[in-house]
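Asks: Okay, structure incoming, though there's no sequence with it:
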């Protein structure tokens, strides 16, 4: 269009892309937005969660632990056909283009807020029956804490009566803080999910015959605060897949 109007004699698509990318006004782009309803319920839930984040160090010194938990259902589990070749002098890192499909997994990640470490599990189904064993393993690690603040969204497996009854068994140890409707971004584990996994695929390198258990998925990302997610250990079953 700029060529037809005589603004420039000729311009490459890459140049147009660069100009639009750096422009303050970008009418060619848009994104969906859901406005939360800022009612009393929203303020009450959000305030409690933000209070925990603000006082994380103080709470930890008092023996309390803050855990954020989030699920990403139906992630593609993809294995690189060949190992990644690391960067060397004069040669950039090279990643195998071809991959092997291993079906889909329901990935659960828990962020330990005070130190930024994460735990991860691969579940066959995203429901209360498969979530409860994860909670047993997770909460057992902090059984000596004075209190565990568990932050998550209002997903079906979280709101399930079976999950609620299960958590009642921990008495005063566990206090559940649910994010407000349409504000699950208050859950720091969800933000870590979005940055680390991209929301659609779970990529990992495996040796032949090694199941997906104890595989370290390096994340090294910030979660919007001062905490660094050091690594996620994925625990689960490796599904048989086909090469793509």
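Replies: Cool, got the structure. All figures in this text were calculated on a predicted structure; none of them were measured in a lab. Numbering: from 1, shown residues only.

Asks: For the protein, which segments count as strands?
Replies: Along the chain, counting by DSSP state E, strands occupy 64-80, 99-112, 117-123, 147-152, 174-178, 201-204, 213-222, 228-235.

Asks: Would you mark the buried spots in the fourth one?
Replies: For strand 147-152, the neighbour count (16 or more other Cβ atoms under 10 Å) marks 148, 149, 150, 151, 152 as buried. In short, each C-beta sits where N, CA and C put it, glycine included.

Asks: gap between the two ends of stretch 156-165?
Replies: For stretch 156-165, the first-to-last residue distance is 14 Å (Cα to Cα, to the nearest Å).

Asks: So which bits of that stretch are buried?
Replies: Neighbour-count burial for stretch 156-165 [16+ other Cβ under 10 Å]: 157, 158, 160, 163.

Asks: And for stretch 97-109?
Replies: By neighbour count on 16+ other Cβ under 10 Å, the buried set for stretch 97-109 is 99, 100, 102, 104, 105, 106, 107, 108, 109.

Asks: which among those residues gets closest to residue 79?
Replies: Distance ranking of the buried residues of stretch 97-109 against residue 79, using Cβ to Cβ, places residue 100 first at 4.4 Å.

Asks: Counting neighbours, what do you get for the residue lying closest to the closest one once chain neighbours are set aside?
Replies: Computed as Cβ to Cβ, 6 or more residues apart in numbering, the closest residue to residue 100 that is not its neighbour in sequence is residue 79, at 4.4 Å. Residue 79 has 18 neighbouring residues, counting by other Cβ atoms under 10 Å.

Asks: any idea how far residue 73 is from residue 79?
Replies: Distance, residue 79 to residue 73, by Cβ to Cβ, to the nearest Å: 20 Å.

Asks: Identify the bridge partners of the residue nearest to residue 100.
Replies: residue 100, residue 204 (DSSP bridges).

Asks: Quick check: it touching residue 103?
Replies: No: using Cβ atoms under 8 Å as the test, residue 79 is too far from residue 103 to be in contact (11.1 Å).

Asks: show me where this structure has helices.
Replies: Taking DSSP state H, the helices of the chain run over residues 13-22, 40-54, 56-61, 128-140, 156-159, 161-168, 188-197.

Asks: Most tightly packed of the ones you listed?
Replies: Compared across the helices of the chain, helix 188-197 shows the largest average neighbour count, a mean of 22 (mean count of other Cβ atoms under 10 Å).

Asks: Now do it, average pLDDT.
Replies: For helix 188-197, the mean pLDDT works out to 71.

Asks: For the remainder of this discussion, apply numbering that starts at 620.
Replies: Fine by me, first position is 620 from now on; the one you just mentioned is helix 807-816.

Asks: Please produce TSV containing the buried residues of stretch 775-784, extended by distance to residue 703.
Replies: Output for the buried residues of stretch 775-784, formatted as TSV (distance: Cβ to Cβ, whole Å):
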residue	distance to residue 703
776	34
777	36
779	40
782	38
